[in-house]
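Chemist: what's the 3D shape of this:
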Amino acid sequence: MAVPQHIFIDTSEWEELGFGKDKLLEHLMMHIEGGRVVLHTTSLTIKEVRERVRRVTDQYDREHRQAANTGAKVGLQPAIRNPINTDSIVAEFEEFLRRASALVHDLVNIDLGEIVRRRFAYEPPFSSSKRNEWEDALAGFALHAWAVENQLKIIVISKDGDWGAMGKALETLEIQRLAQVISEAERERAEESEAEQDFLDKLYENLSRNRGVLEHRIKLAFEGLEGIVDDRIEDEAEVEGIYVGRLVLAIEEAAVVYADLETGYGEISVPGEVRLRADATYGDDGSMIWNSEDGVGWYDDVVKRSIEENMSFEVMCEVQLEGDEFEIVQVDIGARILLVSVHDEESGGSLRLLNR
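Modeler: Predicted structure coming up:
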């Protein structure tokens, strides 16, 4: 067996992965248990994830209350939803680390003097505009110290520019997508069989041929999201619809994260970028009308506004290959609680798209 891939997942990526719920992590665990991947983290990162879970779930609950209040004003019955238990999410995250036998690095062996020097020299992860990146620096140098001692490289799973800068500055750190790591582990597993390698190649080839079908399925997935607007001027709003404009898929960067030659089933992660538009209706506070009998209010006049923004994404495609027949069975846009935040410069409002 080849040397396993050593990886670290940063706090923002843990959030995007649903703090342990995303399907990608199921495949990662399979390769961890198979000895093809080793998971690293730091005591500081665990603390940050705990704090991030609490912040995200508080925001989620707050926005649903706002949506319920808006619905009540127009006579809508609030949707029944299951409350989010912060402690259970943290427990699931920590259970994942336990099952993965994650190597937890403390901060005792880091070169604090070098970090301070970098801070005042504006060297990664610091810069003239980012002078307080202490958490990233501490975690990064804890990983760096271990990698130097063991003469290995650690793959950092992060889209954060600060980690990207550290990855260029420290030869022990390399930035990748999680899907790339899993795809490489899957290829290592498939190398044992020429037939399995041919099957992987067929999955890539057929996905490329079915680009149009995949784009359509992704568009439907995004348009099926719920939307909540938090606006500092109009206070609250109801999202009437979410629409997809420009959609760009990086098929050439797709990664097969699971393949079963026997059944012809595969799972492929595909990154891309999309232009989203949300049409929202705002009530005019000056024309609120209340019905004294049932206590329900509505707006006699409304203000409509569209909010648009570009966002990057990564979808999981479940596919089925049977002979010459190829089918995209399902498209999953992720397990994250808050998928994207869109800021409206005109009103100072922001849109949250929820995928539960």
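Chemist: all contacts plus neighbour counts: C-alpha atoms, from now on.
Modeler: Fine.
Chemist: run the chain-centre distance for the strand or helix carrying Val104.
Modeler: Taking DSSP states H and E as the criterion, Val104 maps to strand 103-105. Put simply, strand 103-105 sits 23 Å off its chain's centre (Cα atoms, centre = their mean, to the nearest Å).
Chemist: so Leu247 bridges to which residues?
Modeler: Val274 (DSSP bridges).
Chemist: which stretches of the stretch 251-356 of the chain form strands?
Modeler: For the stretch 251-356 of the chain, the strands defined by DSSP state E, counting those that start in this stretch cover 255-260, 265-283, 288-290, 297-299, 302-322, 325-332, 338-344, 349-354.
Chemist: dump the longest one to CSV, keeping only the CA atoms.
Modeler: Once side chains and other backbone atoms are set aside, the C-alpha atoms of strand 302-322 remain, and they are given as CSV (Å, rounded to 0.1, in the frame of the first residue of the first chain):
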residue,chain,number,x,y,z
VAL,A,302,-45.7,45.7,-0.9
VAL,A,303,-42.3,46.4,-2.2
LYS,A,304,-40.7,43.8,-4.5
ARG,A,305,-37.0,43.4,-4.9
SER,A,306,-34.5,41.0,-6.5
ILE,A,307,-31.2,40.1,-4.9
GLU,A,308,-28.5,38.5,-7.1
GLU,A,309,-25.1,37.0,-6.3
ASN,A,310,-22.5,34.6,-7.6
MET,A,311,-21.6,31.6,-5.5
SER,A,312,-19.2,28.6,-5.8
PHE,A,313,-20.6,25.2,-5.1
GLU,A,314,-19.8,21.5,-5.1
VAL,A,315,-22.5,18.9,-5.9
MET,A,316,-22.6,15.1,-5.3
CYS,A,317,-24.0,13.2,-8.3
GLU,A,318,-25.3,9.7,-7.9
VAL,A,319,-25.0,7.9,-11.3
GLN,A,320,-25.8,4.5,-12.7
LEU,A,321,-24.0,2.8,-15.6
GLU,A,322,-25.5,-0.3,-17.2
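Chemist: so, low pLDDT: which residues of the protein?
Modeler: By pLDDT under 70, the weakly predicted segments of the chain are 1, 63-84, 124-125, 127-132, 226-239, 281-305, 334-356.
Chemist: change it to 80
Modeler: The chain contains residues with pLDDT under 80 at 1-2, 59-85, 108-134, 191-193, 224-242, 278-311, 334-356.
Chemist: how is it divided into domains?
Modeler: Domain assignment for the chain by automatic domain parsing gives 5-182, 193-354.
Chemist: Throw those into TSV and include mean neighbour count, thanks.
Modeler: Shown next, in TSV, are the domains of the chain (neighbours: other Cα atoms under 10 Å):
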stretch	mean neighbour count
domain 5-182	17
domain 193-354	17
